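Asker: Predicted model and sequence below, questions to follow.
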Amino acid sequence: MRTNNEKQRFLETLEEVPLISIAAKRMGISKATIYRWKSRSPNFSEQIEKALAKGRDIVNDSVEGRIITQAKNGDFKSQKLWLENNCSRYVKPRPINIFADNQKIGNVIRFENFSKKLDHNPMEGLVSI
């Protein structure tokens, strides 16, 4: 039987590597066991989600730092990626899925700046695709 200590060590590993299957493998625990623990304990399930979020934040910070360094060193792909995700002039319009009664009924693209307050018809500025 697994102990609370093993579960705690798994959560710590998950913060370092925010992928359940890889963290479980590093611990020598099957993925099925992790999901069984998760289904039997709402508290453990919540702890997993918190550990995953913390781990993703750590990885995101690391990757973002590398992208910024590469962009500063003249790497065009890194510069493009940074601008497309951090500068409103370069942001690519992204499709928005529209659902009714839990069924997808279409896609739209919003072209206006997302930071504006909605003081107009929210469907204005949308184009069906």
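Answerer: Done, it's in.

Asker: Doesn't residue 98 belong to a strand?
Answerer: Yes: the assignment for residue 98 is a strand, going by DSSP: H, G, I helix; E, B strand; the rest coil.

Asker: Show me what it is bridged to.
Answerer: Note on residue 98: beta-bridge partners residue 106, judged by DSSP bridges.

Asker: ok, it - how many residues close by?
Answerer: Taking other CB atoms under 10 Å as the criterion, the count of residues near residue 98 is 13. All C-beta spots, glycine's among them, are computed from the backbone N, C-alpha and C.

Asker: Against residue 74, how distant is it?
Answerer: With the distance defined as CB to CB, to the nearest Å, residue 98 ends up 41 Å from residue 74.

Asker: Which helix runs longest in this protein?
Answerer: helix 42-72 (DSSP state H).

Asker: Whichever helix or strand comes after that one relative to helix 42-72, how many degrees between them?
Answerer: Counting by DSSP states H and E, the element after helix 42-72 in chain order, helix or strand, is helix 76-86. Relative orientation of helix 76-86 with respect to helix 42-72: 130 degrees, computed using axes from the mean of the first three to the mean of the last three CA atoms, to 10 degrees.

Asker: Local confidence estimate at residue 127?
Answerer: We have a pLDDT of 52 for residue 127.

Asker: Sorry, slip of the keys, the one I care about is residue 16.
Answerer: On the pLDDT scale, residue 16 is placed at 94.

Asker: With residue 24 instead?
Answerer: Model confidence at residue 24, given as pLDDT, is 95.

Asker: For it, which residues are in contact?
Answerer: Applying CB atoms under 8 Å, 6 or more residues apart in numbering to residue 24 gives the contacts 10, 30, 31, 33, 34.
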